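# Got a predicted structure plus its sequence, pasted below:
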Amino acid sequence: MCGIVGVVSSTPVNQLIYDALLLLQHRGQDAAGIVTQQERKFFMHKAKGMVRDVFRTRNMRSLPGNCGLGQVRYPTAGNAFSEEEAQPFYVNAPFGIVLVHNGNLTNAHALKHELFQTDHRHINTESDSEVLLNVLAHEIEKTTRGLPLQPADLFAAVRNVHKRVKGSYAVIALIAGHGVLAFRDPFGIRPLCMGTHEGSTVLASESVALEGIGYQFERNVNPGEAVFIDLQGKVYAEQCADNPQLNPCIFEFVYLARPDSVMDNISVYQARLNLGESLAKRVISTVPPNEIDVVIPIPESSRPSAAQLAQLLGLPYREGFVKNRYVGRTFIMPGQSVRKKSVRQKLNAIASEFKGRNVLLVDDSIVRGTTSKEIVQMARDAGARKVYLASAAPPVRYPNVYGIDMPTSSELVAHDRTVDEIRAIIGCDALIYQDVDGMKRAIGSLNPKITGFDASCFDGVYVTGDITAEDINRLNANRVGGEENQDDTSRLALPNPED
């Protein structure tokens, strides 16, 4: 998961891109990069770190031009510690292209072989984004054949990219002297939208990045669609996939996206309210509401779900944990020992909200269970009589292959375990999960045009239809921290999509 932005304007764009990346910082905290273009020359700065740390005044001054791209990186493949893998990526032919990418290619290994053996292109990093850039560059070279570039040539190239590339990808590319090209995978797994302001156009991962810089949301880029904006601001668009289907990643709504974003015409905040309503029904069937004294969210994504659940059950809602905003996400830390240590640095319990009470903690999801176990113990240490835990998402039982750092199966607390076995590991008095169908109904009801979701980490059904247990083994080997987290996923039983 990453955050990407592209701008074509009549005025300098460096500050706009910087501001948009700040609004997308939640999507990636490992590295940041910006590239701009002036007189067909690219100016780039990228490095590891948060946006505010990567870009200083001197860096911003060295990014002139009226069009450009930016990215914040959340590493799920390749080398997390290499600045070479920070984006944007660049190739000098044809024309000169820089690219930012959000997603994960599931056939990157095969494409690398094709690029070297057939296309005669060299890949210098382990990043699948560099693979994607070279596939795009090769296809543009084929369609233009040395002639001046036309929008139709770009759309033909994207059609061929769709045929070659598998997985999830939202892409924005800047082509020297011509403009900005954006496209989305045929399943629309990763988000991408566009907005306008006084003749300028912005493309970004989430609507909040548009609104926060004063742009008016126009629409989402459709699954399989390509959009080209020339340097004069004229917009061209064409559907480039044979059978596009809107199957967005459901985990975006559960956890990843900001609550004030609207993605694929679904309010993320309303989606989380709906999840709380659905979860309330599950709680009633497990723990009688009269045995619960207070509902407490685990900051921060679970707050809307917890508030809605408390209201429907007629229970008090309280903030019982204070979050230290200056500690990185435990979700993306590389090792269990580091993650466990960081939980108490990140959260502190307000003892008066727990002492002598039966508390229902509500979280957005439970992945490894390490954080949940620590938080349950924190509640007990603060004096809670009983600690119940409810998850607004179903059990995470399968690895994610589309750009979220869901770990190998052995690290998933729910893999091959019953709910009661998970409860015993976490140490709570009762554990209540959302069910998969309830989650899909709660979110899907907000946009009837959505044909389905990628909910693979919950149901094991990979919407691209090309994922096997062997593929997951290979992808895990290239995952950040892959070698230290290897397990035998050959026994991973993937559900039959026909079941």
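Perfect, I can see it now. Residues are numbered from 1 along each chain as shown.

# my read: R272 touches S301, true?
Yes - counting by Cβ atoms under 8 Å, R272 touches S301, with 7.2 Å between them. All C-beta atoms are positioned from the backbone trio N, CA, C, and that covers glycine.

# What is the neighbour count of the closest residue to S365 other than its chain neighbours?
Leaving aside its sequence neighbours, S365 sits nearest to A393 (Cβ to Cβ, 6 or more residues apart in numbering; 3.9 Å). Close neighbours of A393, defined as other Cβ atoms under 10 Å, add up to 27.

# do N290 as well
That count, for N290 with other Cβ under 10 Å as the rule, works out to 10.

# and if you look at S365?
S365 has 21 nearby residues by other Cβ under 10 Å.

# wait, isn't it in contact with A390?
No - with contact defined as Cβ under 8 Å, S365 does not reach A390; the gap is 11.1 Å.

# sorry, back to before: tell me the pLDDT at the residue nearest to S365?
Listed pLDDT for A393 reads 98.

# cool, and L492?
In this model, L492 is scored at 40, pLDDT.

# How about the backbone phi and psi for V287?
phi -130, psi 120 (degrees, to the nearest 10).

# Surely it is in contact with L431?
No - with contact defined as Cβ under 8 Å, V287 does not count as touching L431 (10.0 Å).

# which residue packs closest to R40, ignoring adjacent ones?
Here the residue nearest R40, using Cβ to Cβ, 6+ apart, is G177, at 4.4 Å.

# Now list whatever residues contact both of S365 and A390.
Residues touching both S365 and A390 (Cβ atoms under 8 Å, 6 or more residues apart in numbering): there are none.

# that older thread, isn't the residue nearest to R40 right up against F95?
Yes - the criterion here is Cβ under 8 Å, and G177 meets it with F95 at 6.7 Å.

# Counting neighbours, go ahead and name the busier of the two.
F95 (16 against 12).

# Please tell me I have it right and the more buried one contacts L174.
No - contact criterion Cβ under 8 Å: F95 and L174 do not qualify, at 10.0 Å.

# which residue of this structure sits farthest from its center?
G356 (39.0 Å; Cα atoms, centre = their mean).

# In a helix, that one, correct?
No - counting by DSSP: H, G, I helix; E, B strand; the rest coil, G356 is not found in a helix; it is coil.

# per-residue pLDDT, A469?
In this model, A469 carries a pLDDT of 80.

# tally of neighbours for it?
15.

# For stretch 221-231, give the mean pLDDT please.
Rounded mean pLDDT across stretch 221-231 is 98.

# typo on my end, it should be stretch 55-72
Mean predicted lDDT for stretch 55-72 stands at 97.

# now do stretch 204-218
97.

# which outside residues touch that stretch?
2-6, 16, 19-20, 22-24, 27, 102, 170, 190-197, 200, 202, 257-258, 260-263.

# out of those, which are inside strands?
Using DSSP state E to define strands, the subset of the contacts of stretch 204-218 located there is 3-6, 102, 170, 193-197, 200, 202, 262-263.

# Tell me the buried residues within the residues you listed.
Taking 16 or more other Cβ atoms under 10 Å as the criterion, what is buried in the ones in strands among the contacts of stretch 204-218 is 3-6, 102, 170, 193-195, 200, 202, 262-263.

# Out of those, flag the one nearest to P244.
Using Cβ to Cβ, A170 comes nearest to P244 of these, at 13.7 Å.

# That closest one: what's it in contact with?
Per Cβ under 8 Å, 6+ apart, neighbours of A170: 4, 101-103, 182-185, 190-192, 205, 221.

# tell me the domain ranges of this structure?
3-245, 268-456 (automatic domain parsing).

# In the sheet, which residues pair with F89? Tell me.
L99 (DSSP bridges).

# swap in C67?
Applying DSSP bridges to C67, the residues it is bridged with are V8, Q37.

# what residues are up against it?
6-9, 13, 36-37, 174, 179-180, 231.

# what about the nearest residue to A176 once chain neighbours are set aside, neighbour count?
The shortest distance from A176 to any non-neighbouring residue, by Cβ to Cβ, 6+ apart, is to G96 (3.4 Å). Using other Cβ under 10 Å, G96 is surrounded by 18 other residues.

# The one 4 residues further on now?
Other residues within reach of V100, judged by other Cβ under 10 Å, total 30.

# contacting residues for it?
2, 4-6, 33, 69-71, 87-89, 129, 171-173 are the contacts of V100 under Cβ under 8 Å, 6+ apart.

# The same query, at a cut-off of 10 Å, please.
2-6, 33-35, 69-73, 87-89, 129, 133, 170-174, 182, 203, 205 (Cβ atoms under 10 Å, 6 or more residues apart in numbering).

# Quick check: chain neighbours aside, which residue is closest to G438?
Using Cβ to Cβ, 6+ apart, the closest residue to G438 is S278 (4.4 Å).

# Contacts only, for the one you found.
Contacts of S278 by Cβ under 10 Å, 6+ apart are 305, 308-309, 312, 392, 434-435, 437-443.

# Would you mind giving the residues you listed as CSV with distance to E238, secondary structure and neighbour count added?
Conversion of those to CSV gives the following (distance: Cβ to Cβ, whole Å; DSSP: H, G, I helix; E, B strand; the rest coil; neighbours: other Cβ atoms under 10 Å):
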residue, distance to E238, secondary structure, neighbour count
S305, 39, helix, 30
Q308, 41, helix, 24
L309, 44, helix, 29
L312, 46, helix, 17
A392, 38, coil, 32
Q434, 39, coil, 25
D435, 40, coil, 15
D437, 36, helix, 12
G438, 38, helix, 18
M439, 34, helix, 26
K440, 31, helix, 19
R441, 34, helix, 12
A442, 34, helix, 24
I443, 29, helix, 25
